[in-house]
Each structure stands twice: as C-alpha cells, then as structure tokens.
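Student: kindly return the folded structure for what I paste below:
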Amino acid sequence: MDNIWFQSALWMALALVAALGSLFVTISAALFEIVVGALAGSTVGLPLTPWIDYIASFGAIVLTFLAGTDIDPHVVKRNFASSVTIGLMGFFAPYLGCLLLARYGLGWPWPEAQIAGIALSTTSVAVVYAVMVETGYNRTELGKIILAACFINDIGTVLALGLVFANYNVYLVLFAVATIVGMAILPRIVPWLFKRIGGRASEPEIKFIFLVLFVLGGLANLGKSEAVLPAYLIGMALAPFFLKQRELQGRMRAICFAFLTPFYFLKAGSLIDAHALLAGAALIALFLAMKMVTKFAGILPLTRYFKFDRREGMYTTLMMSTGLTFGSISALFGLTNHIINQQQYTVLVTAVIGSAVVPTLIAQLWFHPHFEPLEEDA
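Tutor: Presented below is the predicted three-dimensional model:
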C-alpha cells in the first residue's frame, strides 16, 4: 500500500474501530488501540513509514506534556511523601527484580541484564494519563498522586539509562541547561504572552507550545536523550497556568486524542510480532510476571502505609505496573547500540507492551475507584 491517503485511511479506520469498541466494552480507547494495532499488525500488516513514526513520536511528546500540565502542585505538596516514595519504589523494585532474573536466572551478561531491568522498571505516563483522561480520573486527588508517582518512576528509568549507558557530551549539557532554563522562565513568560496573543482562530498559543517542545526535543536528540522527558518537565512547570486555562488544555487534548495518540498506541501494538510472541512466550511471560510481582511487592504495602483504601491501593499498584514509552525506548536503545540481540529485544519490548495491556485491563475492569472530582473541577 504505497498510497499515502489509503495508508492514512487504514490507520484512522483502526483508530475509529478502537474508539467505538471501547464504548461497548467500557475500557480505555488507548488500551483498545494497542490491542487493535497488535491484531492488525499480525493480519493485514500496518505500514510503518517515516511519517507515521513521526506522528506517533509527536503524539507521545504532546501526551506526555499534557500529563505534566495535569499534575496539580498543591496536591503534590499535600502528598509529597506518598508520590515520591511510591514512584521510587515503582522504579527500584522491578529494576532489581528483572535485572537479577536476567543475570542469574537466564544467564544474560551484565549489560544485557541491565537493559532488561531498565526497560521493565518503567511506568507508562502515556497509558496512565490516557486512561485517566478518558475516565475523568485525572480530576481526582488520587489520580494526580499517581501521575506524580509515574513521573518519579520514569525519572529513575531515564537516570539509570543515562548513568549506565549515556554518551556524555556537550550536547547533553546544552540540553540539560536549556530544559532547566525553560522550566524557570516559561511560567513567567507564558501568562503574559498568551494574554496578548491568545483567543484567535489561528491558535498561536498552541503553536508556541509546539515550538518549545520541538526545540527541546531536538536538543534531547543531540544529547542522546528522549524528547518526552523535557515535554513532561515543561508540562509540570506550566501546570499552575494550565490549571487555570482548562479551555486551552481541552483544545490541545482534542488535537492529541483525535489525531496524534491513535498512531502512537496503534504503532505500539503493531510492534508485537505473532511468531516471536509464540517463540518467546515463556520468557515474555516470565519478565512480565516479574515486573508485576515486584511492583506489587514494593508498592501495595506503601499504599496501605499511606492509608489508601483497598480498592485505591490495588488501582494505584496496577496503574504503576504499566509500561510503554520509556520501556520500549530503553529496549530499542539496547538493540541499536548492540547491547542486546534481536531476539532479546523482541522478548523485552513485547513484555513492555504486555505491561501496558494486562495491568490496565485488570484495573479498569475490577478495581476502578469511586470517582470524586476535586472541588475546583466539580
């Protein structure tokens, strides 16, 4: 299928099928898109062209930025200890568990075992945020705590990948400095600027945000980092502004969920190779089980300590057990740098994608907590 419009039609048809299917089964459209992408990739075959890769990557960046804007700093301050502790445990428990499994259970060399531990240590901000927006749970205090814990978790993953395997150079320093400067000055500039240029059909505010994300993404690429990291940080820095600008946030969210993220989630599902899945099913199941067991062993007792009720504790633990963006990035990093081979990559990335589906499905079907929006959203 070389016709770009037929390719577009196929991808959008699959996105529509997932959206309609989610209405009948009452689970997240993002989760449905992953499943539909996996089925389509194994049957009709989805064309992964450069323009599709670009849209999928841009979707991940914008979705991650929006997740950052939904982190209420007042809620985080009130629940700082629980957010940080759950986030750190969400990283260290599966990292050590999967690292030791790969090294001593499977006999992988240390560098390969480290890639396995890092890839499976993640929590998927993209999946968690998409699910919470679709269910309205992003407007609850617990939802904001989970989003903050996801950020802490994934910062651990990024730092581990960077400290162990990073290519330290001047571009990495430039990227770090630019991100810090952006976080410092944008909260001061954006309210003043948007007051003067906003409210127009050409949406200059959104174009400005996209410009910032593109520049920082380019610097991240030069520094051998990932564009989703500064997107999350800038989103968090601008969260107080966006909490007062729900209409602007809603317009960006409409662009993201209607067009960008379906490509991201469908592509993630299409990366599951049916033959490789069957061939490495035992290893995939082993890694997925280890990730979920260690997440539960580390996080669930903490939810009890911080006095979450049983249902909220299970929901938090399951959502923190997800993985997608940084997990697949870490596995791909290992493959492209010849640390792991193709078979190991397939096992790891399939386990990562499986962690986007299995715990999310369980959480949505059996442990969704009672919905109580925060007062300012009620």
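Student: can you check which helix is longest in this structure?
Tutor: The helix that spans the most residues within the chain, counting by DSSP state H, is helix 170-197.
Student: which SSE is immediately downstream of that one?
Tutor: Using DSSP states H and E, the helix or strand that follows helix 170-197 in sequence is helix 204-222.
Student: what mean pLDDT does that next one get?
Tutor: Averaging pLDDT along helix 204-222 yields 93.
Student: who are the packing partners of that helix?
Tutor: Applying 3 or more C-beta pairs under 8 Å, 6 or more residues apart in numbering; DSSP states H and E, one finds that helix 204-222 makes contact with helix 50-69, helix 170-197, helix 228-237, helix 246-255. For every residue, glycine as well, the C-beta is placed using N, CA and C.
Student: what angle do it and helix 228-237 make?
Tutor: Between helix 204-222 and helix 228-237, the angle comes out at 140 degrees (axes from the mean of the first three to the mean of the last three C-alpha atoms, to 10 degrees).
Student: what residues sit buried inside helix 204-222?
Tutor: Neighbour counts using 16 or more other C-beta atoms under 10 Å place 205, 208-210, 212-213, 216-217, 219-220 of helix 204-222 among the buried residues.
Student: and what of stretch 44-64?
Tutor: Across stretch 44-64, burial judged by 16+ other C-beta under 10 Å covers 46, 52, 55-64.
Student: format the residues you listed as CSV; extra columns: distance to Gln249 and pLDDT.
Tutor: Converted to CSV, the buried residues of stretch 44-64 look like this (distance: C-beta to C-beta, whole Å; pLDDT from 0 to 100):
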residue, distance to Gln249, pLDDT
Leu46, 31, 81
Ile52, 26, 91
Ile55, 21, 93
Ala56, 22, 89
Ser57, 21, 89
Phe58, 18, 92
Gly59, 16, 89
Ala60, 18, 85
Ile61, 16, 89
Val62, 12, 91
Leu63, 13, 85
Thr64, 14, 83
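Student: so which of the helices and strands packed on helix 204-222 is the most packed in?
Tutor: Most buried of the helices and strands packed on helix 204-222, by mean neighbour count (mean count of other C-beta atoms under 10 Å): helix 228-237, with a mean of 24.
Student: next, the angle from it to helix 170-197.
Tutor: Using the same axes, to 10 degrees, helix 228-237 lies at 40 degrees relative to helix 170-197.
Student: give me the low-pLDDT residue ranges for this structure?
Tutor: Within the chain, the ranges that satisfy pLDDT under 70 run 1, 25-27, 165-167, 336, 370-378.
Student: let me know the outermost residue of it.
Tutor: Arg196 (33.1 Å; C-alpha atoms, centre = their mean).
Student: and that one, how close does it get to Phe333?
Tutor: 42 Å (C-beta to C-beta, to the nearest Å).
Student: identify the residue nearest Leu324 in space, chain neighbours excluded?
Tutor: Distance criterion C-beta to C-beta, 6 or more residues apart in numbering; nearest residue to Leu324, sequence neighbours excluded, is Ser124 at 3.9 Å.
Student: could you do Tyr345 as well?
Tutor: Residue nearest to Tyr345 in three dimensions, not counting chain neighbours: Leu335, with 4.2 Å by C-beta to C-beta, 6+ apart.
Student: now the angle from the longest helix of the chain to helix 246-255?
Tutor: Using the same axes, to 10 degrees: helix 170-197 against helix 246-255 is 120 degrees.
Student: which secondary structure elements does helix 170-197 contact?
Tutor: Using 3+ C-beta pairs under 8 Å, 6+ apart: helix 170-197 touches helix 204-222, helix 228-237, helix 239-243.
Student: let me know how buried Ala13 is, in neighbour terms.
Tutor: Per other C-beta atoms under 10 Å, the neighbour tally for Ala13 reads 12.
Student: name the helix or strand for it, please.
Tutor: The secondary structure element spanning Ala13 is helix 4-25 (assigned by DSSP H and E).
Student: what residues of that helix count as buried?
Tutor: 7, 10-11, 14-15, 18-19, 22.
Student: Throw these into a markdown table and include distance to Ala113, thanks.
Tutor: Shown next, in a markdown table, are those (distance: C-beta to C-beta, whole Å):
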| residue | distance to Ala113 |
| --- | --- |
| Gln7 | 39 |
| Leu10 | 39 |
| Trp11 | 36 |
| Leu14 | 36 |
| Ala15 | 37 |
| Ala18 | 35 |
| Ala19 | 40 |
| Ser22 | 37 |
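Student: how many neighbours does Lys224 have?
Tutor: 18.
Student: now Ala81
Tutor: Ala81 has 11 neighbouring residues, counting by other C-beta under 10 Å.
Student: so how far is Gly136 from it?
Tutor: The gap separating Ala81 from Gly136 is 26 Å, by C-beta to C-beta.
Student: same deal with Pro359?
Tutor: 20 Å.
Student: tell me which of the two has more neighbours.
Tutor: Between Pro359 and Gly136, counted using other C-beta under 10 Å, the more crowded position is Pro359 (27 against 12).
Student: which element, helix or strand, includes the more buried one?
Tutor: Pro359 belongs to helix 342-366, assigned by DSSP H and E.
Student: hmm, Glu31 is touching Ala126, no?
Tutor: Careful, residue 31 is Leu; it's not Glu. No. Contact criterion C-beta atoms under 8 Å: Leu31 and Ala126 do not qualify, at 11.3 Å.
Student: give me the phi and psi for the residue nearest to Leu324.
Tutor: As for Ser124, its main-chain torsions (degrees, to the nearest 10) stand at phi -90, psi 110.
Student: thought Ala356 was touching Ser124?
Tutor: Yes. Counting by C-beta under 8 Å, Ser124 is a contact partner of Ala356 at 5.6 Å.
Student: hey, what's in contact with both of those two?
Tutor: Counting by C-beta atoms under 8 Å, 6 or more residues apart in numbering, the common neighbours of Ala356 and Ser124 are 322-324.
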